[in-house]
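# Just the structure for this:
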Amino acid sequence: MYQLEEPTYFYLLLLLPALAVVYFLYLNWRRKAQKYFGDKELIERLSPDRSKTKPLIKFIVALGIISFLSLALVNPQIGSRLETVQREGIDLVFAVDVSKSMLCEDVQPNRLERAKLIISRSIDELVSDRIGIITYAGRAYPQLPITTDYGAARLFLKNVNTDLIPSQGTAIGEAIDLATRYFDDEDQHNRMLVILSDGEDHEEGISEMINKALEAQIKVYTVGIGTKRGGPIPIKNRGIITGYKKDQNGEVVITKLNSGLLEEIAAQGDGNFIEGNSTRKAVEALIEQLMEMEKSQFETSLFADYEDQFQWLLAPALLLLILDVFILERKTQWFKSLNLFEDDEKN
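Numbering: from 1, shown residues only. You can find the predicted model right below:
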């Protein structure tokens with residue numbers, strides 16, 4: 001396991017091609033400038049100790065110094081110790097309704113974004129609980145497995161939208177059924193399923209799935225998002241409303257919150273119904289319910305320590321810097337004897 005402490009220093013590597021372009025432009029300018037002073041062979045005779053290749057070698061060394069210093073500043077770190085940490089919490093799964101009715105803007109910015117905001121704010125209040133995310137419309141699909149990685153949860157949550165599931169509907173029963181197979185710790189008996197939905201266009205057979213959840217020691221809570229007055233479902237093109245969803249008779253569809261269904265599901269699932277039109281109140285209610293549940297201990301493996309590796313990159317940079325000091329632009333007897341840099345002398 002590794003991580004980069006300061007990856008922004010990678011941008012310093014962009015200096016390398018820029019410096020190369022500047023250097024070769026300088027060489028071209030110098031060749032043209034020398035023509036004004038005299039013949040090339042005459043200039044070489046007047047400066048016999050000047051090396052032709054050492055300036056290029058020094059430039060390459062300088063690029064190497066910049067490269068290694070940039071990578072040293074990035075500071076790669078390697079996880080050196082895997083530690084098992086005892087945590088205490090519950091398993092919490094959010095089931096998010098992504099049917100088209102969740103695009104209704106009777107709550108701002110719309111029902112789906114409000115549901116995502118409630119989940120995000122709830123995650124901010126968690127400490128050591130494990131969370132998972134399920135999305136459902138006409139079918140239910142796993143979005144995020146049970147995890148303690150809240151950063152990953154926020155990333156997956158950001159990508160939740162109504163285009164994830166092509167089949168429309170509100171398969172709450174299937175989402176509950178999926179949740180019964182979602183919890184992966186047999187020793188964890190404190191399990192909480194939170195369904196965020198407007199309750200519209202639901203399918204039958206929910207009671208059977210709720211009983212199945214109760215047998216798996218899962219408490220079912222519901223968060224109702226939307227208003228009883230309801231509103232149309234907008235059709236947008238590049239963020240601009242171009243129309244509203246219509247039924248087979250050409251009438252604009254008005255979608256309303258079915259709070260009765262959600263209250264019934266919560267009551268049968270040994271949970272509570274929560275009004276979701278106020279983000280703050282909904283989050284407070286969820287966290288209050290979570291705090292009332294008994295916590296269970298579980299183990300989590302973590303990379304507890306990261307060791308800096310910048311010294312392995314700083315060392316070659318220092319060596320190249322020392323080498324640069326000893327490489328002079330004029331000819332030296334020692335380099336002549338090695339014959340590393342100079343062309344054969346002309347007669």
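
# Could you give me the buried positions within the helix or strand hosting Leu319?
Secondary-structure assignment from DSSP states H and E places Leu319 in helix 311-326. By neighbour count on 16 or more other CB atoms under 10 Å, the buried set for helix 311-326 is Leu313, Leu314, Pro316, Ala317, Leu320, Asp324. For the C-beta atoms, the positions are set from N, CA and C on the backbone; glycine is no exception.

# who's in contact with the third one?
Contact partners of Pro316, counting by CB atoms under 8 Å, 6 or more residues apart in numbering, are Gly64, Phe68.

# which residues touch stretch 251-264?
101, 104, 195, 197-200, 202, 222-233, 244-247, 273.

# Would you mind listing which of the residues you listed are buried?
Here, 16+ other CB under 10 Å leaves 101, 104, 195, 197-200, 202, 222-227, 230-233, 245, 273 buried among the contacts of stretch 251-264.

# could you pull out the strands for this protein?
2-4, 76-89, 91-97, 130-136, 140-147, 191-197, 218-224, 231-232, 234-237, 240-244, 254-255, 273-275, 296-308 (DSSP state E).

# In TSV, list those along with distance to Glu208.
Putting these into TSV (distance: least, CB to CB, whole Å) gives the following:
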stretch	distance to Glu208
strand 2-4	47
strand 76-89	29
strand 91-97	17
strand 130-136	17
strand 140-147	15
strand 191-197	15
strand 218-224	13
strand 231-232	32
strand 234-237	35
strand 240-244	35
strand 254-255	26
strand 273-275	20
strand 296-308	27
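
# Just send these back as TSV, with mean pLDDT and distance to Leu16 too.
Below are these laid out as TSV (pLDDT from 0 to 100; distance: least, CB to CB, whole Å):
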stretch	mean pLDDT	distance to Leu16
strand 2-4	77	19
strand 76-89	71	19
strand 91-97	92	46
strand 130-136	91	43
strand 140-147	89	40
strand 191-197	92	50
strand 218-224	94	53
strand 231-232	92	56
strand 234-237	86	44
strand 240-244	85	44
strand 254-255	90	57
strand 273-275	94	56
strand 296-308	65	24
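
# List the residues that contact the residue nearest to Pro76 when sequence neighbours are not counted.
Computed as CB to CB, 6 or more residues apart in numbering, the closest residue to Pro76 that is not its neighbour in sequence is Gln309, at 4.6 Å. Taking CB under 8 Å, 6+ apart, we find Gln309 in contact with Asn75, Pro76, Gln77, Ile78.

# again, only using 7 Å
Residues near Gln309 by CB atoms under 7 Å, 6 or more residues apart in numbering: Pro76, Gln77, Ile78.

# which among these gets closest to Thr279?
Nearest to Thr279 among the contacts of Gln309 is Gln77, at 37.0 Å by CB to CB.

# and the residue nearest to the closest one when sequence neighbours are not counted, what are its bridge partners?
Closest residue to Gln77 apart from its sequence neighbours, by CB to CB, 6+ apart: Tyr306 at 3.9 Å. In this entry, Tyr306 is beta-bridged to Gly79, by DSSP bridges.
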